[in-house]
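1. 3D, please:
(2 chains)
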2 protein chains.
Amino acid sequence: MRFALAVDLGGTKVEAALVSEDAVVLARSRRRAPTGPDSTHASLSAALSTVIGGALGELPSGSGLTGIGIGSAGPLDLDAGTVSPLNLPGCADFPLRRTVSAARPELPVHLALDGLCITLAEHWVGAAVGRRSVLGMVVSTGIGGGIVMDGRPLLGGTGNAGHIGQVTVPGYLPEGVGGLPATSERLASGPNIVGWARELGWQGRTGEELAAAYAGADPLAVAAVRRSASAVGAVIASASALLDLDVVVIGGGFVAVSPDYLALVREARDQAAPFPFVARAEIVPSGLGGDGPLLGAAALVLRSA
Amino acid sequence: MRFALAVDLGGTKVEAALVSEDAVVLARSRRRAPTGPDSTHASLSAALSTVIGGALGELPSGSGLTGIGIGSAGPLDLDAGTVSPLNLPGCADFPLRRTVSAARPELPVHLALDGLCITLAEHWVGAAVGRRSVLGMVVSTGIGGGIVMDGRPLLGGTGNAGHIGQVTVPGYLPEGVGGLPATSERLASGPNIVGWARELGWQGRTGEELAAAYAGADPLAVAAVRRSASAVGAVIASASALLDLDVVVIGGGFVAVSPDYLALVREARDQAAPFPFVARAEIVPSGLGGDGPLLGAAALVLRSA
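-> Modelled structure (predicted):
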């Protein structure tokens, strides 16, 4: 059996694990270290070294490594192999590809946005297997995404394609969004929608509390959940006009805010669609558990054309 | 020398011509017939037969045909080979690929949206040669577009990717757009912006008159041109967030409405961009003359991977 070393760098943690060719994360190889706003180049290098060394130490005897796949929070610069995660301000221009490659310099290394990795994982073994035109979305603290077309990752010029959270939403004047462009992330992400509800007088603080209030038909909670779903549906319409999507796979913790969240998203997308083809994409929940980011990083290596 | 037969179907005309491998439209082979809202399946078939027969009759002796490329107004259904141009309501589900193929059944036939063809032409011999991540736009009666990534046409699931005119623009409430979604086409196309200025009391009727009024610093004309450029810039920001664009090539008659139109578009894009990578695409005028659609249709055949 051959494996990929998969690495996932995010704003709160960095993970590494071995992933087999048949898309199984080798559980005992999984290693995790915290990251955060205080992370520096030095502390991140040390954390990577620890999790990568630990994961590689679990390679079964007789097994080989095909390569290394890295998913990272962005933006990134694919030519330079550097990342500048927004939630790791002390790690701007971090040489992630070179740092990870040092563990096994002889292996090929592929780097991509975490949103793209998750989408590749959905296309490999999740909710988008066999689909031609796929948008993956994560609705959580922020809103991220990735695009897979004809089985290939869509990278864009510098590797930053898929930032669906930065696509803007119609129907809001700037004063309704703090004077800023009405991006889907500003309108729909968990913390942003909780903040909006609180400004209107809602007393809760978390997405979980919002879910409970929605279940209890609290009017502000209902309005907040609808505002989020409406914005997500609107950007799906825009993305569908540009990409002629077959399927949109939505993951991330905020989706659990209500049982009908995806139904509300579909309704909003349908209302925003000027042509039938813009409304034809299926909108489905993620088919993966928490292994999506690592599976997708491995897919960069194990499924490269 | 080898040639492609290129066919371009639009709302007012259908054209055919021979295009050489070195991207020259053989002038004497060019044939044109009118189309319009009264076109039927029968009249369109006859028009196609006439222009294709005329073009093929000019094939230089000793030359061969590589294949047939067709660009068409959309939407289309790539699997079925049919098109349903919005401006040809009597031609819904027209079997364009089969009809054209009948002229030379032995040749390969490729069909794509006209906006994609124009973008392929810009990537072949226009303003986007050698670029990795390209959006082509046409700002005219409507707003169309196409996407070329890593030298490949981006088709989407059914061939309808690139509809940038149906991407929505932030900052407008529905009541400011006739109760409809604020798409870039509704806000920025020539007839729509002329209509908006007239509602505010402007007395002109055409894009040319709007250009003259803008040159004379008429306040309503200035506001109208800025409204159009602002909407185009906003959707370029959204498309850049999704596609990490290197270059946006803008053609179409409305661009001539003012010498600073593209500068206004760039300014609006910069204001709407939340990340540096979203504002990095060059925004440039078309590098092609009126041959773009035919060159791009030919590119489907002559440059297919």
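2. okay, now A:D93: neighbour count?
-> Residues near A:D93, counting by other C-beta atoms under 10 Å in any protein chain shown, number 12. All C-beta spots, glycine's among them, are computed from the backbone N, C-alpha and C.
3. how much space separates it from chain B?
-> From A:D93 across to chain B, the span is 12 Å (C-beta to the nearest C-beta, to the nearest Å).
4. go ahead and confirm that residue touches A:T82.
-> Yes. Between A:D93 and A:T82 a contact is recorded at 4.8 Å, counting by C-beta atoms under 8 Å.
5. okay, now the domains of chain A?
-> Chain A is divided into the following domains under automatic domain parsing: A:2-119+A:290-302, A:129-285.
6. turn the ones you listed into a markdown table, columns for mean pLDDT.
-> Output for the domains of chain A, formatted as a markdown table (pLDDT from 0 to 100):
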| stretch | mean pLDDT |
| --- | --- |
| domain A:2-119+A:290-302 | 97 |
| domain A:129-285 | 95 |
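7. skip the chain neighbours and tell me the closest residue to A:W196.
-> A:A224 (6.1 Å; C-beta to C-beta, 6 or more residues apart in numbering or on different chains).
8. right, and the domains of chain A - which one's nearest B:G162?
-> If you check each of the domains of chain A against B:G162 by C-beta to C-beta, domain A:129-285 wins as the nearest, at 6.7 Å.
9. the closest one spans what distance, first to last residue?
-> Distance between the two ends of domain A:129-285: 13 Å, counting by C-alpha to C-alpha, to the nearest Å.
10. gap between that domain and the chain center?
-> 12 Å (C-alpha atoms, centre = their mean, to the nearest Å).
11. so how far is chain B from the spatially most central residue of chain A?
-> What sits nearest the mean C-alpha location of chain A, by C-alpha atoms, centre = their mean, is A:G115, with 3.3 Å. Distance, A:G115 to chain B, using C-beta to the nearest C-beta: 11 Å.
12. what strand or helix carries that residue?
-> helix A:114-125 (DSSP states H and E).
13. export that helix to PDB, keeping only CA atoms.
-> The C-alpha trace of helix A:114-125 is given here as PDB (Å, rounded to 0.1, in the frame of the first residue of the first chain):
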ATOM      1  CA  ASP A 114      -7.800  24.300   2.100                       C
ATOM      2  CA  GLY A 115     -11.100  25.100   0.400                       C
ATOM      3  CA  LEU A 116      -9.900  23.500  -2.800                       C
ATOM      4  CA  CYS A 117      -8.600  20.500  -0.900                       C
ATOM      5  CA  ILE A 118     -12.000  19.900   0.700                       C
ATOM      6  CA  THR A 119     -13.700  20.100  -2.700                       C
ATOM      7  CA  LEU A 120     -11.200  17.600  -4.100                       C
ATOM      8  CA  ALA A 121     -12.000  15.300  -1.200                       C
ATOM      9  CA  GLU A 122     -15.800  15.600  -1.900                       C
ATOM     10  CA  HIS A 123     -15.000  14.800  -5.600                       C
ATOM     11  CA  TRP A 124     -12.900  11.800  -4.500                       C
ATOM     12  CA  VAL A 125     -15.000  10.100  -1.900                       C
END
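14. quick one: strands adjacent to the helix or strand just after that helix?
-> Downstream of helix A:114-125, the first helix or strand assigned by DSSP H and E is strand A:133-139. Take DSSP bridges as the rule and strand A:133-139 pairs in its sheet with strand A:143-149 (antiparallel), strand A:247-251 (parallel).
15. and the shortest one, C-alpha only, in PDB?
-> Taking C-alpha atoms only, strand A:247-251 is exported to PDB below (Å, rounded to 0.1, in the frame of the first residue of the first chain):
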ATOM      1  CA  VAL A 247     -23.400  20.500  -7.700                       C
ATOM      2  CA  VAL A 248     -22.600  22.700  -4.700                       C
ATOM      3  CA  VAL A 249     -21.400  20.800  -1.600                       C
ATOM      4  CA  ILE A 250     -21.800  22.700   1.600                       C
ATOM      5  CA  GLY A 251     -20.000  21.800   4.800                       C
END
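16. residues in contact with A:M137?
-> A:G115, A:I143, A:G144, A:G145, A:I164, A:V232, A:I236, A:V248, A:V249, A:I250, A:G251, A:G252 (C-beta atoms under 8 Å, 6 or more residues apart in numbering or on different chains).
17. scratch that, A:G162
-> Applying C-beta under 8 Å, 6+ apart, the residues near A:G162 are A:113, A:115-116, A:119, A:135-136, A:144-147, A:154, A:156, B:242.
18. at 6 Å what do you get?
-> Contact analysis of A:G162 by C-beta atoms under 6 Å, 6 or more residues apart in numbering or on different chains lists A:G115, A:L116, A:G145, A:G146, A:I147.
19. how much space between the residue nearest to A:W196 and chain B?
-> 20 Å.
20. ok, back up a step: can you list the domains of chain A in TSV and add distance to B:D77?
-> Listed next are the domains of chain A as TSV, based on distance: least, C-beta to C-beta, whole Å:
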stretch	distance to B:D77
domain A:2-119+A:290-302	25
domain A:129-285	9
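21. these: which one's closest to B:L220?
-> domain A:129-285 (21.7 Å).
22. circling back to that earlier point, between the contacts of A:G162, which is closest to chain B?
-> A:I147 (7.2 Å; C-beta to the nearest C-beta).
23. report how many residues lie close to the closest one.
-> The tally of other residues near A:I147 (other C-beta under 10 Å) stands at 27.
24. show me the beta-bridge partners of it.
-> Listed by DSSP bridges, the beta-bridge partners for A:I147 are A:L135.
25. burial count for A:Q203?
-> 10.
26. swap in A:L173?
-> A:L173: 13 surrounding residues under other C-beta under 10 Å.
27. again with the one 10 residues further on
-> The criterion is other C-beta under 10 Å. On that basis, A:T183 has 28 neighbouring residues.
28. then A:H163?
-> Other residues near A:H163 come to 30 when the count uses other C-beta under 10 Å.
29. same check, this time on A:I118
-> 32.
30. what's the answer for A:A23, then?
-> If you count neighbours by other C-beta under 10 Å, A:A23 ends up with 17.
31. just confirm it contacts A:V125, I think it does.
-> Yes. Shown here, A:A23 and A:V125 form a contact pair, counting by C-beta atoms under 6 Å, at 4.5 Å.
32. closest to B:W202 out of the strands paired with strand A:133-139?
-> Among the strands paired with strand A:133-139, strand A:143-149 comes nearest to B:W202, with 39.9 Å by C-beta to C-beta.
33. could you list every helix and strand in contact with the next helix or strand after that closest one?
-> Toward the C-terminus, strand A:143-149 is succeeded by strand A:152-153 as the next helix or strand (DSSP H and E). Taking 3 or more C-beta pairs under 6 Å, 6 or more residues apart in numbering or on different chains; DSSP states H and E as the contact definition, strand A:152-153 has no neighbouring helices or strands.
34. now the helix or strand just after strand A:152-153 - C-alpha only, PDB.
-> The helix or strand immediately downstream of strand A:152-153 is helix A:184-188, counting by DSSP H and E. Presented in PDB, the C-alpha positions along helix A:184-188 are these (Å, rounded to 0.1, in the frame of the first residue of the first chain):
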ATOM      1  CA  SER A 184     -21.200  36.500   1.400                       C
ATOM      2  CA  GLU A 185     -18.800  36.000   4.300                       C
ATOM      3  CA  ARG A 186     -19.700  39.400   5.900                       C
ATOM      4  CA  LEU A 187     -23.400  38.500   5.500                       C
ATOM      5  CA  ALA A 188     -23.500  34.800   6.200                       C
END
